[in-house]
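[1] Quick one: sequence plus predicted model below, questions after.
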Amino acid sequence: MSPKKPLALAGMFLSAGLVASACGSSTSSSSTTVTTGAVATTQATTTTAPSFAATETPPTASVALQETGSTLLYPLFNLWAPDYQKAYSNITITTAGTGSGTGIADASAGTVDIGASDAYLSQTQVAKTPTLLNIPLAISAQEIVTNITGLSGTLDLSGSVISQIYQGKISFWDDAAIKALNPSLTLPHLAIVPVHRSDGSGDTFIFTQYLSKADPNGWGANVSYGTTVAWPSVSSALTANGNGGMVTTCGATPGCIAYVGISFAQQATAAKLAVAAISNAAGKYLTPSAAGILADSQSFISQVPTNEAISLVYGPGATSYPIINFEYAIVNSAQTDANKAQAIRALLTWAIDPAHGNAASYLSQVGFQPLPSSVAGLSLAQINKIQAG
């Protein structure tokens with residue numbers, strides 16, 4: 001993945017929403033499913049949607065914006081870029097897939113205008129920069145992939161077993177604990193190679209949240225979660241940079257297991273990696289799907305606070321896929337330039353508008369799902385806080 005290149009931003013992510021009364025609303029009803037990528041995107045039916053028009057117009061002046069962060073979002077930026085440039089040729093953006101940790105840090109330091117992150121801001125980060133916002137733009141997911149030559153059938157892995165693998169307590173694919181979950185599969189006596197991110201990563205954030213919730217007395221008590229963690233010492237473990245690095249490393253390493261953002265699902269398939277079915281809170285084993293991602297998200301929607309910092313990992317329900325998250329734009333609400341503030345507001349509003357960046361034609365190519373109406377409204381309210389002066 002190229003570290004940095006200039007792009008005219010092609011719009012961002014998505015929504016369909018219930019907006020705060022100050023933002024205005026319009027009534028609509030639609031339900032569409034588009035399948036062009038690994039996972040279909042379902043446009044949720046809505047009855048009350050935010051009014052985007054008041055915020056969506058960019059300045060007439062030329063404005064250059066800088067974005068960096070999540071490698072999970074990076075492929076989608078490259079889909080959005082040409083279309084946004086066609087609509088607003090005076091607005092350009094330089095993007096970089098550097099990891100969510102860098103996105104948050106650079107947005108906080110003011111060295112970039114937008115930080116892309118799969119992780120919400122911590123209380124420490126908010127205390128350091130109280131004007132920093134985390135604004136959901138879409139819902140994404142993570143898949144667990146393996147490289148086990150000759151394995152026929154889908155491998156079931158519980159959160160507890162994955163936790164033990166990453167702690168070095170399970171070292172071979174024919175371990176009794178894995179065989180007990182997969183009685184119909186012939187598992188080889190092959191050493192397991194757990195791969196984790198070397199950079200500060202939102203994928204690490206949600207993966208370690210999953211392990212913490214699925215194995216609270218083990219991983220949760222001893223390691224916990226974050227964009228970086230103190231990984232247990234495992235002699236066979238490997239590290240990789242970015243989602244692209246995770247796919248490449250796992251694809252080149254027999255016996256590997258890795259966590260990969262769903263926007264890299266096609267690359268993972270091309271590398272001949274198999275997607276494991278992982279256990280949810282109800283004890284069911286699922287691979288990522290539009291229905292599973294939406295089912296998990298629905299269990300959290302009524303709990304989303306006004307600052308939208310919330311984990312969507314490990315929701316209840318038999319059909320809930322357990323590793324999903326909001327994709328965030330990390331932005332400072334206190335801007336020093338009025339044109340830049342307007343450009344950021346317009347860009348993010350374009351992103352969450354179902355007529356533009358929110359279209360399933362974008363999202364389905366990376367397996368993302370739309371924001372529920374109420375969350376879209378909260379995002380728009382946060383976007384409107386981005387002002388100069």
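    Sure thing, it's come through.

[2] neighbours around Thr287, how many?
    Thr287 is flanked by 16 other residues according to other C-beta atoms under 10 Å. From N, CA and C alone the C-beta is placed, and that goes for glycine too.

[3] would you say Lys179 is within a strand?
    No: the assignment for Lys179 by DSSP: H, G, I helix; E, B strand; the rest coil gives helix, which leaves it out of any strand.

[4] In contact with it, which residues are there?
    If you count contacts by C-beta atoms under 8 Å, 6 or more residues apart in numbering, Lys179 has them with Leu187.

[5] In three-state terms, label Ala141 for me.
    With three-state DSSP as the criterion, Ala141 reads strand.

[6] That one is in contact with Pro322, isn't it?
    No: under the criterion of C-beta atoms under 8 Å, Ala141 makes no contact with Pro322, lying 9.3 Å away.

[7] what about the helices in the stretch 201-350 of the chain?
    202-214, 221-222, 242-251, 265-270, 290-298, 338-351 (DSSP state H, counting those that start in this stretch).

[8] swap that for the stretch 1-150 of the chain, please
    53-56, 74-87, 100-109, 123-128.

[9] who's in contact with the third one?
    Residues lying outside helix 100-109 but in contact with it, judged by C-beta under 8 Å, 6+ apart, are 67-70, 72, 98, 112-119, 121, 125, 128-129, 132, 199-203, 205, 227-228, 330-332.

[10] cool, stretch 339-350 as well?
    So stretch 339-350 is contacted by 9, 11-12, 52, 55-59, 61, 63, 65, 84, 88, 91, 93, 113-114, 135, 137, 329, 331, 335, 356-357, 379-380, 383-384, 386-388 (C-beta under 8 Å, 6+ apart).

[11] give me that answer again for 6 Å
    11, 52, 55-59, 61, 63, 91, 329, 335, 356-357, 383, 386-388 (C-beta atoms under 6 Å, 6 or more residues apart in numbering).

[12] rewinding a little: I'd like the helices of the stretch 201-350 of the chain as CSV, with mean neighbour count appended.
    Formatted as CSV, the helices of the stretch 201-350 of the chain follow (neighbours: other C-beta atoms under 10 Å):
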stretch, mean neighbour count
helix 202-214, 26
helix 221-222, 12
helix 242-251, 23
helix 265-270, 18
helix 290-298, 22
helix 338-351, 24
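
[13] Save those helices as TSV, and put in distance to Val161 too.
    Shown next, in TSV, are those (distance: least, C-beta to C-beta, whole Å):
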stretch	distance to Val161
helix 202-214	9
helix 221-222	16
helix 242-251	18
helix 265-270	20
helix 290-298	20
helix 338-351	38
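
[14] Can you list the buried residues in stretch 308-324?
    308-315, 317, 320-324 (16 or more other C-beta atoms under 10 Å).
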